[in-house]
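Test case, fold it:
(one chain, ligands or ions: 2)
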Amino acid sequence: MSCRTDKGSPNVVTQEPGRLQLDEETGEWVSKNELKKRTQKRAKKAAAAASRNTKSSVDGNKNTAAKGKAAEEQQSVVSSQDAMFGQGFLAEVYELRPSKNVVTRFPPEPNGYLHLGHCKAITVNFGFARYHGGRTILRSDDTNPDAEKEEYFVAIKETIRWLGFSPSQITYASDYFQRMYDLAEELIRKEKVYVCHCGASETKLQRGGEDGTSKRYRCEHADQNVETNLKKLCGMRDGEYAPQTAWLRMKQDIENPNPQMWDIAAYRIPQNQEPHFRTGTKWRIYPTYDFAHCLCDSFEGITHSLCTSEFIMSRESYKWLNQLLVEYQPMQREYGRLKAPLIDKNVVNGWDDPRLYTLKAIRRRGIPPGALLSFIYELGVTTSLSSIEIKWFEQSIRRYLEKTDPRLMLVLDPVAVVIEDLTEEQDLDNVPFSPKDPNMGSRKLRLTKTVCIERSDFREVDPGKDYFRLALGKTVGLLQMAYPIKTVSFTMDEATAVFDKDGKNPKTYIHWVPEGSPAAEVRIHTALFKSDQPGAAPGGFMNDLSQDSEITWPNAMIEPGFYEVRRRAPWPKVEGDQEESEGGQVNPESVRFQAMRVAYFAMDPDSTDDKIVLNRIVPLKEDSGKTG
Ligand SMILES: Nc1ncnc2c1ncn2[C@@H]1O[C@H](COP(=O)(O)OP(=O)(O)OP(=O)(O)O)[C@@H](O)[C@H]1O
Ligand SMILES: NC(=O)CC[C@H](N)C(=O)O
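Ligands and ions are numbered 1, 2, ... in the order given. Modelled structure (predicted):
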């Protein structure tokens, strides 16, 4: 899952050709003037489309951001799945090849855990096929055993299921190793590949030198005859060459301005010779991404091969190779990557700490899969890089949770208040889970003589007339309760209050829980790193760690209605999210609720039968996170 380097071969494509410029939308190399003309034309078209879009998505916009903020956020707000696939870039891609049987693929390399960026790729590929009534293959792009592990692919499958997508088939590039090898020999017979022994520095010279300006040329290996090449390729296969002393190169078009056509690698001998997690030690040589990907797409009948825009130059080599070797020609198109802080693999590899942005971590933090998908739909898809800020991400998640999460009361740091004149405990029978949606149902809440409130809602010294919570002589409302209470005295451990039935309506209502409510450990996470680019910190990302990115409230209390929320989770019942964990239990992180006045929370897998552990999903408002 790094940008493919195909380690082991000196096929390093670094230079941009001199006079011509790349048209990133079509993948063609054109003159500066032509590119300018095209860019202007597209800008006009995009402006017209944007104004059409603004008109048609007013409703979506209302929800998505305050109107004035929309421009500031610089997001193209595309509010639904239809908008993502039925208009704009992906609709144009479909029109290029309108197909009754759309087949897409999601081809991760199993060399790490998926991150937020992959969620975009999954949504694009699975969503495009689903929208057009087609299907999607999950293909393990396992051509580099030095970096890959089965455990990663197991996690990838699990994450895709959690997001609510089902592959029509699960395949492996390694399924086709023999078939690809046979095609490599065929390519030798066609005189379109040769075995080369040049190292990295020689290859760089052949490709125009350090700055790419000297004349490009081929090495003498390009002139080897078919027989020699066949013999050498078999030699590579049979272990006669040490790693990196021989590689199979495509014989493309060295004059072409596109570096992807400068005799790039087709097969290589990996440095470490790690056994492959599926084929073991059967192979000593492996096809490169450039050789394998286009062929696998053809073998599998992929109609639209959607990948990220760093592959735009590969489109030409993709077509070149397929046209030489296979009958069925799939079509590759490229969309912009998602760039978000902390999806750099060097920083997040393998962890499910809720402060990170691997999909495992996002899941553990309690973010629902439906919220992730609607975030991607809101972002929309174009050919350019979408760079997002975490605060937009959190806003989007909050909008989803606001509509879907039941509300409960949770006190982080409880302090007791005895209601002196409450003679008998009272049951409030139908306290709604949502103030807006009666379909969410209700729970029972008991008013006990002693209730627990948030320590920060009580002051021993009254701060003055602008303070509307509890202090001696002050009145405050209790959420869900008819009458406010007024403090009459306090000690170190508790306050005493009475109902204030005749006073004015209170200015403020605070949350509370009945005495004896279940205890919970609450974890509140904030950014793990101080900056958005921890990888760039002097001395490495560890130097950028924030000291207080996890605050734990060990003695929190949650109202008993939590058990009903847990029993009915997830809200709503979304595919993937409701999948049961081992033992038939609902997945803890799909037990979510809004703790009124505090934040959105989900249960952490550290919870046991006796102990509730909660993670904050997002605060109620941007930058809040306080209780008061
Ligand atoms: N940030 C991203 N935004 C959108 N798509 C992405 C992003 N990162 C990876 N993808 C896409 O996900 C698919 C699976 O690729 P793979 O896991 O091999 O990715 P990668 O580019 O090597 O990722 P990384 O280096 O970040 O782990 C590819 O089509 C890739 O283009
Ligand atoms: N064409 C693509 O989608 C690229 C997938 C490939 N696994 C990668 O390394 O990124």
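
what pLDDT, on average, does the strand or helix carrying Arg566 get?
If you go by DSSP states H and E, Arg566 is part of helix 561-568. Across helix 561-568, the average pLDDT comes to 95.

same for that helix, what does it pack against?
strand 407-408, strand 442-447, strand 592-595 (3 or more Cβ pairs under 8 Å, 6 or more residues apart in numbering; DSSP states H and E). All C-beta spots, glycine's among them, are computed from the backbone N, C-alpha and C.

measure the residue of the chain found nearest ligand 2 to Tyr289 for me?
Closest contact between the chain and ligand 2, by Cβ to the nearest ligand atom, is at Cys307 (3.2 Å). With distances taken as Cβ to Cβ, to the nearest Å, Cys307 is found 11 Å from Tyr289.

swap in Arg130?
Arg130 is 26 Å from Tyr289, by Cβ to Cβ.

Of these two, which one has the most company?
Counted by other Cβ atoms under 10 Å, Arg130 and Tyr289 do not tie: Tyr289 has more neighbours, with 22 against 19.

Need the phi and psi values for the residue lying closest to Ile367 once chain neighbours are set aside.
Nearest non-adjacent residue to Ile367, counting by Cβ to Cβ, 6 or more residues apart in numbering: Ile397, 5.5 Å away. For Ile397, the backbone dihedrals (degrees, to the nearest 10) come out as phi -60, psi -40.

picking up where we left off before, so the residue of the chain closest to ligand 2 makes contact with Glu334?
Yes - with contacts counted by Cβ atoms under 8 Å, Cys307 reaches Glu334, the gap being 5.7 Å.

so where's the protein shaky on pLDDT?
1-31, 46-79, 341-351, 579-585, 623-628 (pLDDT under 70).

Pull up the residues of it that are close to ligand 2.
Counting by Cβ under 6 Å from any ligand atom, the chain comes close to ligand 2 at Arg4, Pro107, Pro108, Glu109, Asp141, Tyr289, His293, Cys307, Phe311.

Can you add mean neighbour count and distance to Thr171 and give the helices and strands packed on helix 561-568 back as JSON lines?
Output for those, formatted as JSON lines (neighbours: other Cβ atoms under 10 Å; distance: least, Cβ to Cβ, whole Å):
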{"stretch": "strand 407-408", "mean neighbour count": "22", "distance to Thr171": "45"}
{"stretch": "strand 442-447", "mean neighbour count": "18", "distance to Thr171": "47"}
{"stretch": "strand 592-595", "mean neighbour count": "26", "distance to Thr171": "35"}
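
Quick one: those as CSV, columns for distance to Met481 too.
Below are those laid out as CSV (distance: least, Cβ to Cβ, whole Å):
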stretch, distance to Met481
strand 407-408, 15
strand 442-447, 7
strand 592-595, 17
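
Out of these, the one nearest Leu183 is which?
strand 592-595 (49.9 Å; Cβ to Cβ).

partner strands of the very next helix or strand once past that closest one, parallel or antiparallel?
Later in the chain than strand 592-595, the nearest helix or strand by DSSP H and E is strand 599-603. As defined by DSSP bridges, the strand partners of strand 599-603 come to strand 592-595 (antiparallel), strand 612-619 (antiparallel).

mind listing what the nearest residue to Pro588 once chain neighbours are set aside touches?
Nearest-residue entry for Pro588: Met603, 4.0 Å, with adjacent residues in sequence omitted and distances by Cβ to Cβ, 6+ apart. Neighbouring residues of Met603 by Cβ atoms under 8 Å, 6 or more residues apart in numbering: Gly366, Arg566, Pro588, Glu589, Val591, Arg592, Ile612, Val613, Leu614, Asn615.

With Pro463 instead?
Pro463 makes contact with Ala471 under the criterion Cβ under 8 Å, 6+ apart.

My guess is Tyr286 contacts Asn272. True?
No - if you go by Cβ under 8 Å, Tyr286 and Asn272 don't touch, sitting 11.7 Å apart.

If you count surrounding residues, which of these two has more?
Between Tyr286 and Asn272, counted using other Cβ under 10 Å, Tyr286 has the larger neighbour count: 25 against 11.

Enumerate every residue touching that one.
Contacts of Tyr286 (Cβ under 8 Å, 6+ apart): Thr143, Asn144, Pro145, Phe177, Tyr267, Arg268, Pro270, His276.

and the nearest residue to the third one once chain neighbours are set aside, how many neighbours does it have?
Okay, so that is Pro145. Leaving aside its sequence neighbours, Pro145 sits nearest to His276 (Cβ to Cβ, 6+ apart; 4.0 Å). Close neighbours of His276, defined as other Cβ under 10 Å, add up to 21.

Bridge partners for His276, pull those for me.
Judged by DSSP bridges, the bridge partners of His276 are Gly280.

Now do the residue in the stretch 501-628 of the chain positioned nearest to ligand 1 against Glu109, distance only.
Nearest residue of the stretch 501-628 of the chain to ligand 1: Gly535, at 12.4 Å (Cβ to the nearest ligand atom). From Gly535 across to Glu109, the span is 20 Å (Cβ to Cβ).

more neighbours, these two?
Per other Cβ under 10 Å, whichever of Gly535 and Glu109 has more neighbours is Glu109, with 20 against 15.

what sits against the residue nearest to the more buried one when sequence neighbours are not counted?
The shortest distance from Glu109 to any non-neighbouring residue, by Cβ to Cβ, 6+ apart, is to Asp141 (4.4 Å). The neighbours of Asp141, taking Cβ under 8 Å, 6+ apart as the test, are Pro107, Pro108, Glu109, Pro110, Ala173, Tyr289, Ala292, His293.

quick one: the fourth one and Thr143 touch, right?
Going back to what we said before, that points to Pro110. No - at 10.6 Å, Pro110 does not count as touching Thr143 under the criterion of Cβ under 8 Å.

Between those two, which is the more surrounded one?
The residue with more neighbours, out of Pro110 and Thr143, is Thr143; 29 against 23, by other Cβ under 10 Å.

which ones are touching the more buried one?
Neighbour list for Thr143: Glu109, Ala173, Ser174, Tyr286, Pro287, Thr288, Tyr289, Ala292 [criterion: Cβ under 8 Å, 6+ apart].

among these, which are in reach of ligand 1?
Contacts with ligand 1 within the contacts of Thr143, counted by Cβ under 6 Å from any ligand atom: Glu109.

now the contacts of Thr143 in a markdown table, with secondary structure?
Output for the contacts of Thr143, formatted as a markdown table (DSSP: H, G, I helix; E, B strand; the rest coil):
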| residue | secondary structure |
| --- | --- |
| Glu109 | coil |
| Ala173 | helix |
| Ser174 | helix |
| Tyr286 | strand |
| Pro287 | strand |
| Thr288 | coil |
| Tyr289 | helix |
| Ala292 | helix |
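
count of residues packed around Arg355?
For Arg355, the neighbour count with other Cβ under 10 Å is 19.

for it, what are its contacts?
Ala361, His525, Thr526, Ala527, Leu528, Ser549, Glu550.

With Val431 instead?
Contacts of Val431 (Cβ under 8 Å, 6+ apart): Ser442, Arg443, Lys444, Leu445, Gln480, Gly561.

Excluding chain neighbours, give the residue nearest to the residue of the stretch 101-250 of the chain found nearest ligand 1 in space.
For the stretch 101-250 of the chain, the nearest residue to ligand 1 under the criterion Cβ to the nearest ligand atom is Gly117, separated by 2.1 Å. Excluding the flanking residues, the one nearest Gly117 by Cβ to Cβ, 6+ apart is Leu338, at 4.4 Å.

if I look at the one you found, how far off is Asp352?
Counting by Cβ to Cβ, the separation of Leu338 from Asp352 is 20 Å.

Who has more neighbours out of those two?
Between Leu338 and Asp352, counted using other Cβ under 10 Å, the more crowded position is Leu338 (23 against 17).
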